[in-house]
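1. 3D, please:
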Amino acid sequence: MKKENPFKLIWQLFISFFKIGLLTFGGGYAMIPIIQKEVVEKRKWIPAGEVLDILAISESTPGPISINTATYVGFRVMGFWGSFFATLGLILPSFDIIFVISLFYEQFMTWRVVYAAFAGLKIGVIILLIMAVIKLSKSVKRDLLSVILFAFTLIGMLLLSFLQVNIPSVSLIFIAIGMIVGIIATALNKKGDKKE
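-> Presented below is the predicted three-dimensional model:
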């Protein structure tokens, strides 16, 4: 990356994540394709292959995935101040919008147009998530281990949903299993490489 004025770079981080926070509906997961487009394709701050690593770290640390991603990207691009202003840019629009809505919430939700708009937004968010999965799946290494882990996680999540178990309380189990399997697989691969 070419040398840039640090203040200009911090401003670009703030504005980029401010736009993402302002124009994205549906929470953190709905922001993933937009963050990828802005950070990888448009700004080229992060290589495409690193996006999955960032999402894995952001998902396995406390807090919303979009805020964790903004913080990580900001830090990667411009250190502490980059992470501070990227995160601030992302949360400011949501904070302002929720604050205004909270003042008029009861009157706001009685309007049929608003209720219908929110119903339509739910469908849009699902489509955005499907697009993100398709795009990110292209950079995943497809081997037996990743297929098994994907199947195990999908079946586990469906069972938990069907049994109406509180998913956040068991997500740590899925993270721990994924980490253990990843460590074992990496160790076995290194042993195989040494024998050759």
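2. just checking, Val73 touches Pro47?
-> No - using CB atoms under 8 Å, Val73 is not in contact with Pro47, being 11.8 Å away. (Each C-beta comes from the backbone N, C-alpha and C, glycine too.)
3. quick one: which of those two has more around it?
-> Val73 (29 against 9; other CB atoms under 10 Å).
4. That one and Ile155: what is the separation?
-> Applying CB to CB, to the nearest Å, the value for Val73 to Ile155 is 32 Å.
5. ditto for Val51
-> Distance from Val51 to Ile155, by CB to CB: 26 Å.
6. out of everything not next to it in sequence, what's closest to Gln36?
-> Spatially, and ignoring its direct neighbours in sequence, Gln36 is nearest to Val51 (5.6 Å; CB to CB, 6 or more residues apart in numbering).
7. Assign that neighbour to helix, strand or coil.
-> Per DSSP: H, G, I helix; E, B strand; the rest coil, the secondary structure class of Val51 is helix.
8. Can you tell me the element Ile173 falls in?
-> helix 167-195 (DSSP states H and E).
9. what does Gly74 give?
-> helix 65-103.
10. Can you list the buried residues in that helix?
-> 65-78, 81-91, 93-94 (16 or more other CB atoms under 10 Å).
11. What of stretch 30-39?
-> Across stretch 30-39, burial judged by 16+ other CB under 10 Å covers Ala30, Met31, Ile32, Pro33, Ile34, Ile35, Gln36, Glu38, Val39.
12. do the same with stretch 123-138
-> Val125, Leu128, Leu129, Ala132, Lys135, Leu136.
13. Give me the average confidence score over the helix or strand where the third one lies.
-> It refers to Leu129. Secondary structure assignment for Leu129, by DSSP H and E: helix 112-137. Mean pLDDT, computed over helix 112-137, is 76.
14. Next, count neighbours for the residue nearest to Gly178 when sequence neighbours are not counted.
-> The shortest distance from Gly178 to any non-neighbouring residue, by CB to CB, 6+ apart, is to Leu149 (6.3 Å). Applying other CB under 10 Å, we find 16 residues neighbouring Leu149.
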